[in-house]
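Undergrad: Sequence below, structure please.
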Amino acid sequence: MFKVGRTPEGNAFELAFVVSAILVCVYVVLVYLQAPETVATHFGPSGMPDAYGHKSKMLMVCVVFICLIYKAK
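TA: Okay, the predicted model is just below:
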């Protein structure tokens, strides 16, 4: 199997991604704590919400980031 070596630029990019992911997750958790139980989950072409769901769906952003970080290793 072919293995690619790590570069300083790659390490810096990965560090920036991890820090960004942590900041986004902290923000999402802070918003989650203040959000109502039901939130808009989709907006139509007019910009008006046309689908609603439980606020726990906001936490999926963090799950996606965690999966991307894990996959990068």
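
Undergrad: Point to the helix or strand of the chain where mean pLDDT is at its lowest.
TA: Lowest by mean pLDDT, DSSP states H and E among the helices and strands of the chain is helix 60-72, with a mean of 79.

Undergrad: give me the element the closest residue to residue 41 other than its chain neighbours is part of.
TA: Spatial nearest neighbour of residue 41, chain neighbours left out: residue 53 (4.2 Å); criterion: C-beta to C-beta, 6 or more residues apart in numbering. The way it works is simple: take the backbone N, C-alpha and C, and place the C-beta from them, glycine included. Residue 53 belongs to strand 49-54 when assigned by DSSP states H and E.

Undergrad: For stretch 11-26, list the C-alpha coordinates in CSV.
TA: Output of stretch 11-26 as CSV, limited to C-alpha atoms (Å, rounded to 0.1, in the frame of the first residue of the first chain):
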residue,chain,number,x,y,z
ASN,A,11,-0.2,19.4,9.6
ALA,A,12,-1.1,23.1,9.7
PHE,A,13,-4.2,22.5,7.7
GLU,A,14,-5.3,19.7,9.9
LEU,A,15,-4.7,21.7,13.0
ALA,A,16,-6.7,24.6,11.6
PHE,A,17,-9.6,22.2,10.7
VAL,A,18,-9.6,20.7,14.2
VAL,A,19,-9.6,24.1,15.9
SER,A,20,-12.4,25.3,13.6
ALA,A,21,-14.4,22.2,14.3
ILE,A,22,-14.1,22.6,18.0
LEU,A,23,-15.2,26.3,17.8
VAL,A,24,-18.2,25.4,15.6
CYS,A,25,-19.2,22.6,18.1
VAL,A,26,-18.9,25.0,21.0
